[in-house]
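Enquirer: I'll drop the sequence and a predicted model, then ask my questions.
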Amino acid sequence: MSKVVEKIKVLLELVKFEHSIFALPYAYIGALYGARVLADHGLGWRIPLDYGRWVSVDIADPLSASTPTWHALAWITVAMVGARSFAFVVNRAADREIDARNPRTAGRAIPAGLIKAWELWIFSGVVLAIFLFAVWQLHPITRWLWPIVLTAFVVYPYTKRFTPLCHYWLGICLGLAPIGAWVAVGAPVTHPAPWVLGLAVALWTAGFDIIYATQDVECDVRDGVHSMPADIGVTSALRQTRVTHVMTVALLIIGGYLAGAGWPWYVGVTIAAVLLGYENLIVKPEDLSRVNAAFFTVNGMIAVIVFTGALLDRLLA
């Protein structure tokens with residue numbers, strides 16, 4: 001039993017479960033505002049009966065803002081965790097040789113030999129099955145769209161072999177979170193709000209991933225691995241991060257406007273903007289000692305704060 005527990009610990013460390021904090025809040029934001037748009041489009045109590053699984057409506061006031069059901073939020077959570085766990089397994093497996101040559105990553109489970117290949121693939125099959133089962137509990141449109149998500153995840157680890165734009169591909173992967181949750185509650189995929197919010201998340205992610213990549217410049221240059229810091233230099237790469245984060249704030253404002261957000265949303269975005277400014281101030285080309293604080297701590301706070309603004313907006317609506 002102790003060996004099983006130890007193996008589970010290794011697998012949880014492998015998929016970095018705590019990194020769900022980056023994308024999951026934005027999925028909830030997509031669900032919250034997607035449900036609201038359903039009401040704003042006049043669907044109200046005329047929503048087909050099966051929508052009751054994903055969206056709750058105030059029957060006494062059918063034009064009031066609707067909310068995603070606990071059923072929908074629970075399965076969105078399971079789908080998100082399952083999908084990103086699968087993505088991490090694929091990423092770690094694809095990067096095993098690169099990780100083994102990098103002192104910072106050589107101790108990871110796969111290059112260190114802490115997990116066997118068959119154990120890894122069984123685990124990947126389990127989390128993939130969990131993701132697909134969760135998808136089938138959500139709005140039927142997700143049953144057609146899930147291959148897009150998995151394709152983006154499987155392709156990502158190979159992009160760094162060819163282009164420094166790999167950071168932006170990772171951004172696309174996380175940017176699918178608000179879009180996926182939006183359609184998961186039955187909101188119209190043609191509405192611009194989830195796409196603008198998804199683009200905001202994509203640029204935010206690309207920016208902090210560039211910061212993260214500054215740790216591995218020497219190894220990336222040596223091994224021919226592409227990243228913005230390795231290809232164009234740390235100074236230019238960090239300047240690019242500042243640009244993407246300014247664009248992130250602008251897109252969050254526009255996305256909130258398109259989704260009909262109220263003042264709590266903009267308060268949350270304002271606080272996030274201050275934190276993004278702080279994140280970019282503490283990481284400098286001549287001082288990379290605070291990269292981990294900028295990458296995980298600050299960005300985790302940003303995701304939670306933006307979600308809190310959205311939640312308060314919907315509660316006070």
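Expert: That came through fine. Remember, it's a predicted structure, so these values are computed and weren't measured experimentally. Numbering: from 1, shown residues only.
Enquirer: Does residue 187 touch residue 197 like I think?
Expert: No. With contact defined as Cβ atoms under 8 Å, residue 187 does not count as touching residue 197 (11.9 Å). Bear in mind the C-beta positions are built from the backbone N, C-alpha and C, glycine included.
Enquirer: Please say which of these two ends up with more neighbours.
Expert: Neighbour totals were compared for residue 187 and residue 197, and residue 187 leads with 31 against 28 (other Cβ atoms under 10 Å).
Enquirer: Name all residues that make contact with residue 184.
Expert: 30-31, 34, 54, 72, 75-76, 79, 138-139, 142 (Cβ atoms under 8 Å, 6 or more residues apart in numbering).
Enquirer: Nearest residue to it in space, please, no chain neighbours.
Expert: residue 138 (4.2 Å; Cβ to Cβ, 6 or more residues apart in numbering).
Enquirer: Where does that neighbour sit: helix, strand or coil?
Expert: coil (DSSP: H, G, I helix; E, B strand; the rest coil).
Enquirer: Go ahead and confirm it touches residue 76.
Expert: Yes. With contact defined as Cβ under 8 Å, residue 138 counts as touching residue 76 (6.9 Å).
Enquirer: so how far is residue 309 from residue 272?
Expert: Here the criterion is Cβ to Cβ, to the nearest Å. By it, residue 272 lies 8 Å from residue 309.
Enquirer: can I assume residue 92 is in contact with residue 112?
Expert: No. Judged on Cβ under 8 Å, residue 92 makes no contact with residue 112 at a distance of 11.2 Å.
Enquirer: So for the two, which residue has more residues nearby?
Expert: It is residue 92, of residue 92 and residue 112, that has more neighbours when counted by other Cβ under 10 Å, with 22 against 13.
Enquirer: Could I get the pLDDT score of residue 230?
Expert: Listed pLDDT for residue 230 reads 96.
Enquirer: Which helix or which strand is home to it?
Expert: Secondary structure from DSSP states H and E places residue 230 in helix 228-232.
Enquirer: ok, then the element right after that helix?
Expert: Scanning onward from helix 228-232 (DSSP H and E), the first element met is helix 234-258.
Enquirer: Now residue 189. Nearest residue, chain neighbours left out?
Expert: residue 183 (5.1 Å).
Enquirer: what helix or strand is the one you found on?
Expert: helix 166-184.
Enquirer: by how many degrees do that helix and helix 234-258 diverge?
Expert: With axes from the mean of the first three to the mean of the last three Cα atoms, to 10 degrees defining the directions, helix 166-184 sits at 10 degrees from helix 234-258.
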